[in-house]
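[1] generate coordinates for the sequence data below:
(one chain, ligands or ions: 1)
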Amino acid sequence: MIILAIDTSCDDTSVAVVEKTKAGKLKIKSDIVSSQEKMHKKYGGVYPTLAKREHQRNLLPVLIKALKQSKLLETTNGKLQITDKRRILNNKSEKIKQILEREPGLARELVKFLKKYQKPRLCPSGYGGQAKIEAIAITIGPGLEPCLWTGINFARALSFFWNLPLIPVNHLEAHLLANFLLKTNESDIGYIEKVKLPAIGLVASGGNTLLVLIRDIGQYRVIGQTRDDAAGECFDKTARILGLAYPGGPAIAAEAAKLQMANTKLQIKLPRPMLKSKNYDFSFSGLKTAVLYDFKKRSKRTGRSREYVGAMAQEIQQSIIDVLIEKTIKATKGFKAKTILLGGGVICNKELRRQFKKAPALLKTEMLMPACGLCTDNAAMIAAAAFFHKQEKIPWQKARAEANLRI
Ligand code: KG4
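    Model (predicted):
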C-alpha cells in the first residue's frame with residue numbers, strides 16, 4: 001500500500017510518498033520539504049498570509065518532485081487518446097477550479113499538470129506494475145488556518161480528480177508516529193508491534209509542547225502541556241532578543257556550541273520554570289522574560305558581546321532541556337511507561353538528544369526519537385499517521401481545517 005501525503009500546517013510545504021512493505025514497515029519513497037525559512041527570516045517569524053502564498057506557489061513543484069523521486073510519474077503520451085483527455089479534463093477542470101477558487105493560480109497550474117501526467121498508480125519501471133496510491137493523507141490541524149486550507153484544497157482537488165479517498169491527519173500525533181518510519185530511528189525499532197506500552201510521548205515544536213500518555217495508537221491522554229509559550233517558540237523569541245536569526249532553535253544551538261569550544265568564564269543563571277511543580281505542565285514565557293531583563297541590564301553596561309550571546313544561548317538551551325527531560329522523567333515514572341516517544345522540531349537539538357539518551361533515570365526505558373529531518377515538519381510523518389488510521393478514509397468534500405485540533 002502506498003500513501004501520498006501533504007503537509008502545509010505552518011511554513012513548510014511538504015509532499016511525501018510512503019509505502020508499507022510486505023513486512024509491515026513504513027518505507028519513505030520520497031519526502032520533499034520546501035522551506036520558507038529564508039522569507040520568514042526577514043520578518044523574524046511566520047506571517048500566515050505570506051506563508052499561504054508560498055504554499056500556493058510551492059505545492060505543485062513539490063508534488064512533482066515527490067512523485068518523480070518515487071518513480072510514480074508518467075506522462076499521458078500514448079496512453080490516453082487526445083479526445084479522451086479533453087473529455088476528462090473539460091468535465092473535471094471546472095470542478096477543480098471551484099475547489100481551488102481561493103487559489104486560482106494553483107488551479108490553472110494543476111489543470112495543466114493533470115493534462116500532462118497520468119494518475120500516479122501504475123509505473124512498471126518503479127514497481128513492476130503493481131503499485132497503487134491508495135489514499136491521500138492530509139494535515140487538517142493544528143496549524144495556521146490559511147495554510148492548512150491551501151493544502152486541504154489542493155488535496156481535495158487531487159482526490160476528486162484521481163478518485164482517491166482522503167485520510168485526515170492530526171499533525172501533533174504525526175510528530176509522534178514519525179518514530180515508526182523505517183530507518184529513522186536511532187534504535188531502529190521500526191514498527192509499532194515491537195513497542196512496549198504504555199508509552200509517554202513528548203511533542204516539542206514551534207507551536208506546541210505536550211506530554212501524552214499513549215495506551216495504544218489512537219488511545220491518548222494529554223497529561224501536560226504548556227500554559228503559555230511552546231519550547232520552540234521560546235527558542236525563537238529569545239533568539240530574537242539576542243539578535244539571532246529565525247528559526248531561533250538552530251541559531252541558539254549553534255551559538256551555544258561555539259561557546260562550548262571557546263570555554264568562557266561568564267556565568268548566567270536562568271530559571272527552570274515549573275521544574276518542580278506537581279503536575280506535568282510547562283511554562284516558558286517566564287524564561288523569555290528573564291532573558292529580556294538580563295539582556296537589557298547587561299547591554300547598558302557591557303553591550304552585546306559575542307561571549308555574552310554565547311553564554312546566554314547556552315543557558316537558554318540548557319534551561320529548556322532541563323525542564324523537558326525532568327517532566328518526561330516524572331511522567332515516565334508516574335505512569336510506569338515502558339517507552340518514550342519524542343517528536344517535533346525541538347527534538348532536532350543535538351544537546352537535548354544527547355542528554356535525553358544519557359539521563360540516568362531513563363536508561364532502562366526504551367527511547368525513540370526520529371532522525372532530525374523527521375522531527376521538523378515533513379509529510380512522511382503525515383503518511384505514517386495515516387497508515388495507522390487507514391480505516392478513517394473520507395471523501396474529498398468532507399475535509400475541513402481544524403486550526404486548534406488537539407490530540
Ligand atoms: O516541528 P516544527 O518544525 O514546526 C512546528 O510544527 O511547530 O518545529 C519548529 C520549531 C521552531 O521553533 C525551531 O526553532 C525549533 O523547532 N527547532 C529547534 C531546532 N531545530 C528546530 N529547536 C532547538 N534546537 C534545534 N536544533
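[2] now the residue in the stretch 1-150 of the chain that the ligand sits nearest to: how far from Asn90?
    Here the stretch 1-150 of the chain gets closest to the ligand at one residue, Cys10, 5.3 Å apart by CB to the nearest ligand atom. Every C-beta, even on glycine, is put in place using the N, C-alpha and C of the backbone. Between Cys10 and Asn90 the computed distance is 37 Å (CB to CB, to the nearest Å).
[3] the more surrounded of these two?
    Cys10 (25 against 9; other CB atoms under 10 Å).
[4] that one reaches Gly206, doesn't it?
    Yes. Contact criterion CB atoms under 8 Å: Cys10 and Gly206 qualify, at 6.8 Å.
[5] so how far is the host helix or strand of Leu172 off the chain centroid?
    In this assignment (DSSP states H and E), Leu172 forms part of helix 171-177. Offset of helix 171-177 from its chain centre (CA atoms, centre = their mean, to the nearest Å): 8 Å.
[6] what about that helix, average pLDDT?
    Per-residue pLDDT values over helix 171-177 give a mean of 97.
[7] over to stretch 231-243?
    For stretch 231-243, the per-residue pLDDT averages 96.
[8] shaky segments in the stretch 51-200 of the chain?
    Residue ranges of the stretch 51-200 of the chain with pLDDT under 70: 76-88, 121-131, 183-193.
[9] residue numbers of it in contact with the ligand?
    Nowhere does the stretch 51-200 of the chain come near the ligand, counting by CB under 6 Å from any ligand atom.
[10] where along the stretch 51-200 of the chain do the strands fall?
    133-141, 166-170, 199-204 (DSSP state E, counting those that start in this stretch).
[11] can you say which helix or strand has Ala311 in it?
    helix 306-334.
[12] just name whatever secondary elements that helix is in contact with.
    Judged by 3 or more CB pairs under 8 Å, 6 or more residues apart in numbering; DSSP states H and E, helix 306-334 is in contact with strand 199-204, strand 209-216, strand 219-225, helix 231-241, helix 248-262, helix 285-302, helix 350-358.
[13] which secondary structure elements does the fifth one contact?
    Using 3+ CB pairs under 8 Å, 6+ apart as the contact test, the elements touching helix 248-262 are helix 231-241, helix 306-334, helix 350-358.
[14] check which residues of the second one are buried.
    Looking back up the chat, that one is helix 306-334. Of all the residues in helix 306-334, those buried under the rule 16 or more other CB atoms under 10 Å are 308-321, 323-332.
[15] sorry, back to before: from the helices and strands packed on helix 306-334, which stretch is densest packed?
    Ranked by mean neighbour count, those are led by strand 199-204 with a mean of 28 (mean count of other CB atoms under 10 Å).
[16] what is that strand packed up against?
    By 3+ CB pairs under 8 Å, 6+ apart, strand 199-204 packs against helix 171-177, strand 209-216, helix 306-334, strand 339-343.
[17] out of these, flag the one nearest Leu67.
    helix 171-177 (20.7 Å; CB to CB).
[18] list the helices and strands that closest one packs on?
    So helix 171-177, by 3+ CB pairs under 8 Å, 6+ apart, packs with strand 133-141, strand 199-204, strand 209-216, strand 339-343, helix 380-388.
[19] circling back to that earlier point, pick the most buried one from the strands of the stretch 51-200 of the chain.
    Most buried of those by mean neighbour count (mean count of other CB under 10 Å) is strand 199-204; its value is a mean of 28.
[20] chain center to it, what's the gap?
    14 Å.
[21] ditto for stretch 296-316
    Relative to its parent chain, stretch 296-316 has a centroid offset of 32 Å by CA atoms, centre = their mean.
[22] just stretch 39-52 next, same as before
    The answer for stretch 39-52 is 17 Å, by CA atoms, centre = their mean.
[23] check stretch 12-32 too.
    14 Å.
[24] what does stretch 195-212 give?
    Taking CA atoms, centre = their mean, the mean C-alpha location of stretch 195-212 is offset from the chain mean by 13 Å.
[25] ends of it, what's the gap?
    By CA to CA, to the nearest Å, the extent of stretch 195-212 from end to end equals 16 Å.
[26] picking that back up, in JSON lines: the helices and strands packed on helix 171-177, plus distance to Arg406.
    As requested, the helices and strands packed on helix 171-177 are arranged in JSON lines below (distance: least, CB to CB, whole Å):
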{"stretch": "strand 133-141", "distance to Arg406": "9"}
{"stretch": "strand 199-204", "distance to Arg406": "11"}
{"stretch": "strand 209-216", "distance to Arg406": "9"}
{"stretch": "strand 339-343", "distance to Arg406": "16"}
{"stretch": "helix 380-388", "distance to Arg406": "15"}
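[27] domain ranges for the chain?
    Taking automatic domain parsing as the reference, the chain has its domains at 2-191+376-398, 199-337.
[28] of all those, which one comes closest to Leu362?
    With CB to CB, the closest approach to Leu362 among the domains of the chain belongs to domain 199-337: 6.3 Å.
[29] how far away is Thr238 from Ser285?
    For Thr238, the distance to Ser285 (CB to CB) stands at 11 Å.
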